[in-house]
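Q: Fold the stuff below for me.
(2 chains)
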Amino acid sequence: MALVLRLQRRADFLRAARLGRKWAMPGLVVQAVATPPARARDDTLRLGFTASRKVGGAVLRNRAKRRLREAARLILVPRAEPGYDYVLIGRPQTVDRPFTALLQDLQTALKRLGRYRSAEGGQAPAEPSENGTRTP
RNA sequence: UCAGAGGGUCGGAUGGCCGCGUCCCCGCUUGCCGGGGCCGAGGAAAGUCCGGGCUCCACGAAAACACGGUGCCGGAUAACGUCCGGCGGGGGCGACCCCAGGGAAAGUGCCACAGAAAGCAAACCGCCUGCCGAAGCCCCUCGGGGCAAGGCAGGUAAGGGUGAAAGGGUGCGGUAAGAGCGCACCGCGGACCCGGCGACGGGGACGGCACGGUAAACCCCACCGGGAGCAAAACCGAAUAGGGAUGGCACGCCGCAAGGCAAGCGGGUUUUCGCGCCGCCGUCCGGGUUGGUUGCUUGAGGCGUCCGGCAACGGGCGUCCCAGAUGAAUGGCCAUCCAUCCCCCGCAAGGGGGAGGACAGAACCCGGCUUACAGACCCUCUGACGCA
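A: Residues are numbered from 1 along each chain as shown, chains lettered A, B, ... in the order given. From the prediction side, this is the model:
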């Protein structure tokens, strides 16, 4: 599995917004851009989350980011192509949308961006199961 | 039981799987590593409205002035605009609730509309007295007399009318009509006496009554107050450009100088021309951005208990360590249960099914205030009705 770093600098977010490809789904928006060469490694992907005031107050914004983090843990981390920066953007529906639908949104968006790898290298498919847990 | 008043507590619970953050321990393949353990949002974490701590800036001390704030009394407190106990006024049958509650004989201003008049006494319609009284009416002993519209002078403030407010109220006496003019009761002022630390309360000689309201109008009085805020502030400090100091090397030709020429360097390479730079290499210093570290959580601290106090609160003893993130941890999913709501069956007891968690997320830390909030529970008290 790829090593995951968290995007922590404003500059990285702005770069992803400016240079990256974007795909929107009802539950979220995904931006993807190749990691800058200076920091890029084959086995590493970088990940960031954001939710603007449009989503709601502090409670709703934080909740949206937490749900996005959990969705990314289940879908994006095992399946997304390394060497890229991914930014997941919260939308108003991120908070209310059923979690399984949110997972589906993320998977679809990654496919549309061409950064979704089907199961390879002996890794188990990370289809969301009914109880929301991953089979080891 | 119903209706109501005051105060307090909580604000989903338990379990399973997977995850996140600080700290601690262990391991190695020392890394943005793996494993384990403890702890991990609120009563308002919110608004940022007051009061402090802390930090920096300014500043010799103190006072005055200006500006701002506070404003019944006493107490609590680090402090407060907060809290507690009282006082006064208003509301409620009551438990209780509400009050921007200092000064209006220090001065100035204002009092809309209406009204004659809004602050100093005045008088519009009236009422009363005296004098005059042409026209008119009545009487007559024919001389005149009376009534009276009206006019002049004066006395009044009872009645009418306006207003939020009109110079005490009601009644009796009194009077030409009236009037504290006199009297009774009520109200008001009030020397002084008593009680209270005090706000204030009780009594009250005497005074026929004078002194309207407004200080969320200026103002006066008393007390309090430097400014900015953790993005405060301190430290470390890469790369690049630029600044200063210094060491080594280089420093040609013309010209007194200004300057010119040549050489060197710059853009993939070479030549020519044009343009730009005026040395090249090294060391050190200061400033300083991205970033990092500290500040950063042990504190006017929580809990228990005893003592003092009506209480706010204070004191003693014991015990506990209780979030520290920084693109920002405290989450995702599932099951059961507890509230709550809806639907169906049933006369009912009850049964079945479904929906589904209020307001809201720490960001330096405390004390308050204010605002938001589904619902649940507890205590004390009041008024009805009923029972004993």
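Q: wait, what's in contact with residue A:85?
A: Going by CB atoms under 8 Å, 6 or more residues apart in numbering, residue A:85 touches A:7, A:12, A:15-16, A:20, A:32-35, A:45-48. For glycine as for every other residue, the C-beta is placed from the backbone atoms N, C-alpha and C.
Q: Out of those residues, which is nearest to residue A:75?
A: Nearest to residue A:75, judged by CB to CB, of the contacts of residue A:85 is residue A:47 at 11.6 Å.
Q: burial count for that closest one?
A: Applying other CB atoms under 10 Å, we find 21 residues neighbouring residue A:47.
Q: For chain A, give me the ranges with low pLDDT.
A: Chain A contains residues with pLDDT under 70 at A:1-2, A:37-42, A:119-136.
Q: Residues of it that sit close to RNA strand B?
A: By CB under 7 Å from any atom of the strand, the residues of chain A that approach RNA strand B are A:3, A:5-11, A:13-14, A:39, A:48-50, A:57-59, A:62-63, A:65-67, A:69-70, A:73, A:99, A:130-134.
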